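*Asks:* turn this into a model:
(one chain, ligands or ions: 2)
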Amino acid sequence: MKAVTYQGVKDIQVKQVDDPKLQKKDDIIVRITSTAICGSDLHIYQGALPAEKNYVIGHEPMGIVEEVSSEVTKVKKGDRVVLPFNISCGHCFYCEHEMESQCDNSNRNPEIHTGGYFGFTERYGNYPGGQAEYLHVPYGNFMPFVIPESCELEDEALLFLSDVLPTAYWSVDNSGVKAGDTVTVLGCGPVGLMAQKFAWMKGAKRVIAIDHIPYRLNHAKKMNNAEVYNFAEQKDMGAYIREITKGGSDVVIDCVGMDGKKTPLEAVEQKLKLQGGTLSAIEIALKAVKKFGTIQITGVYGSVYNMFPLGNLFERNITLKMGQAPVIHYMPELFNKITAGEFDPTEIITHKVPLDKASEAYKTFYEHEDECIKVVLKP
Ligand code: NAD
Ligand code: ZN
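*Replies:* Ligands and ions are numbered 1, 2, ... in the order given. Alright, predicted model coming up:
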């Protein structure tokens, strides 16, 4: 089959790889019909998260069940399914308590002790990814979210149930946003845009959106009616937010991660150059949050990243929440909201291309954020 493979830093190529095979009694194989590129894939693309050559990337897939192992009862050949990015067994402590992103049986790498994820390198379980024609899915009696036959929505409306939607929804839920709150969302990529929308839906009275790309800021304004600011135009964006909110934002959600697209090393250089400038999302968050407020970190920071100003958090009674979003238990609720027309996930799609064009698509998503928000690949 054809698959999107990592060949080296900023070198992604579609290659012929072996077809996946059923391995255990509860596996399934899914023929992928749509699969998206995520901001998280860019951490691999730019080398911040090291991957092996020829590793198959991708963790936002959906498609049609092609094969099922003997003990699979949840789905049958021909079912239309969305796969959550978390590998989750369904029966460990974490899966049974809605913390599927840390499933105890998902990461065979004992040194890391985290959950495992599709297409997210050896560090996170070494599962082949979903930017491919076919995907091997373990735990077929738990993982797949089955789309009812009666649902006539196109893939694009449902695909982001795999990651972006539950991630953004959890970010708002986990950070405890309540009616009347001021919520600041750092980053107007797909995750940030959806988090802004969900913050309104939770009853926020003010939603502030930060980025440095005018195209994406405009999108935040149009799509979410957010109050937008360009951090490149402010010497100290965090202090500015504190000022305009008269003391700080109740909740700040970091939907950026390891200093945007910069590798940790570049980030350090940048920081030194700016002598405490405001390009780091976490620094903005720290200043922008109210005393006793909450910072929710949804953007990915690998363990390579260790520049965290813990002291200041302590001094100001800040609650810090973070992590990989648990996806599966949010899927039915979000599916119902989509079918009820409460929001339209396709608003973030700017590019739809054949899987064959993945190499160009990565380049576009990485280098041309001024014209691209979300890319959907069609195998
Ligand atoms: P993206 O790269 O498209 O968006 C990031 C945006 O942040 C860009 O528009 C960029 O210009 C902006 N940005 C850069 N530095 C900034 C700063 N200092 N302040 C404000 N904005 C800044 O990515 P995405 O797909 O929206 O994903 C966002 C982050 O969420 C990524 O780090 C991704 O890995 C992570 N993620 C986490 C989970 C999870 O479960 N925690 C799931 C999915 C994605
Ligand atoms: Zn993702």
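*Asks:* okay, the spatially most central residue of the chain and ligand 1: tell me how far apart.
*Replies:* In the chain, the centroid-proximal residue (C-alpha atoms, centre = their mean) is Val164; its distance is 4.9 Å. For Val164, the distance to ligand 1 (C-beta to the nearest ligand atom, to the nearest Å) stands at 7 Å. For glycine as for every other residue, the C-beta is placed from the backbone atoms N, C-alpha and C.
*Asks:* for that residue, what are its contacts?
*Replies:* Listed by C-beta atoms under 8 Å, 6 or more residues apart in numbering, the contact set of Val164 reads 36, 38, 60, 190-191, 194, 345, 348, 374.
*Asks:* of these, just the buried ones, ChimeraX syntax please.
*Replies:* Only the buried entries of the contacts of Val164 go into this ChimeraX selection, using 16 or more other C-beta atoms under 10 Å:
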select :36,38,60,190,191,194,345,348,374
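*Asks:* tell me which two in the contacts of Val164 are the farthest apart.
*Replies:* Maximum pairwise distance in the contacts of Val164, criterion C-beta to C-beta, is 13.9 Å, between Cys38 and Pro345.
*Asks:* what's the pLDDT at the residue in the stretch 101-250 of the chain that ligand 1 sits nearest to?
*Replies:* For the stretch 101-250 of the chain and ligand 1, the shortest gap (C-beta to the nearest ligand atom) falls at Gly189, measuring 2.1 Å. Here, the pLDDT recorded for Gly189 equals 95.
*Asks:* tally of neighbours for it?
*Replies:* 27 (other C-beta atoms under 10 Å).
*Asks:* got phi/psi on it?
*Replies:* Note on Gly189: its backbone torsions stand at phi -80, psi -170 [degrees, to the nearest 10].
*Asks:* so who does the residue nearest to it when sequence neighbours are not counted touch?
*Replies:* Setting aside the residues directly before and after it, Gly189 is nearest to Gly39 in space (C-beta to C-beta, 6 or more residues apart in numbering), at 5.2 Å. Neighbouring residues of Gly39 by C-beta under 8 Å, 6+ apart: 189-191, 257, 299-300.
*Asks:* cutoff 10 Å now
*Replies:* 163-164, 167, 187, 189-192, 255-257, 260-261, 298-300, 365-366, 374 (C-beta atoms under 10 Å, 6 or more residues apart in numbering).
*Asks:* from Thr182, how far off is it?
*Replies:* Separation of Gly39 from Thr182 (C-beta to C-beta, to the nearest Å): 24 Å.
*Asks:* what's the neighbour count on the residue in the stretch 151-300 of the chain that ligand 2 sits nearest to?
*Replies:* Distance from ligand 2 to each residue of the stretch 151-300 of the chain (C-beta to the ion) is smallest for Asp163, at 3.9 Å. The number of residues packed near Asp163 is 28, by other C-beta under 10 Å.
*Asks:* surely it and Ala325 touch.
*Replies:* Yes. Under the criterion of C-beta atoms under 10 Å, Asp163 makes contact with Ala325 at 7.6 Å.
*Asks:* next, show the common contact partners of the two.
*Replies:* 84-86, 191.
*Asks:* what pLDDT does the residue nearest to Gly189 get?
*Replies:* 90.
*Asks:* swap in the one 4 residues further on?
*Replies:* His43 carries a pLDDT score of 89 in this model.
*Asks:* the closest residue to Met331 other than its chain neighbours pairs with what?
*Replies:* Using C-beta to C-beta, 6+ apart and skipping the chain neighbours, the partner closest in space to Met331 is Phe145 (4.5 Å). Under DSSP bridges, the beta-bridge partners of Phe145 are Val82.
*Asks:* next one: Phe145 from Val353, what distance?
*Replies:* Taken as C-beta to C-beta, the span from Phe145 to Val353 is 25 Å.
*Asks:* what do you get for Gln16?
*Replies:* 19 Å.
*Asks:* which one's more surrounded, these two?
*Replies:* Neighbours were counted for Gln16 and for Val353 using other C-beta under 10 Å; Val353 has more, 15 against 9.
*Asks:* CA-only coordinates of stretch 2-22 in PDB, if you can.
*Replies:* Output of stretch 2-22 as PDB, limited to C-alpha atoms (Å, rounded to 0.1, in the frame of the first residue of the first chain):
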ATOM      1  CA  LYS A   2       1.000   3.700  -0.200                       C
ATOM      2  CA  ALA A   3       1.800   5.500   3.000                       C
ATOM      3  CA  VAL A   4       3.200   8.800   4.100                       C
ATOM      4  CA  THR A   5       6.700   8.100   5.500                       C
ATOM      5  CA  TYR A   6       9.300  10.100   7.400                       C
ATOM      6  CA  GLN A   7      12.600  10.200   5.600                       C
ATOM      7  CA  GLY A   8      14.400  12.800   7.600                       C
ATOM      8  CA  VAL A   9      13.900  16.300   8.900                       C
ATOM      9  CA  LYS A  10      11.500  18.200   6.700                       C
ATOM     10  CA  ASP A  11      11.500  15.200   4.300                       C
ATOM     11  CA  ILE A  12       8.200  13.400   4.000                       C
ATOM     12  CA  GLN A  13       7.600  11.000   1.100                       C
ATOM     13  CA  VAL A  14       4.800   8.800   0.000                       C
ATOM     14  CA  LYS A  15       6.200   5.300  -0.400                       C
ATOM     15  CA  GLN A  16       5.100   1.800  -1.000                       C
ATOM     16  CA  VAL A  17       5.100  -0.200   2.300                       C
ATOM     17  CA  ASP A  18       3.800  -3.600   3.400                       C
ATOM     18  CA  ASP A  19       0.100  -3.900   3.800                       C
ATOM     19  CA  PRO A  20      -0.900  -4.200   7.500                       C
ATOM     20  CA  LYS A  21      -2.000  -7.600   8.700                       C
ATOM     21  CA  LEU A  22      -4.300  -8.800  11.500                       C
END
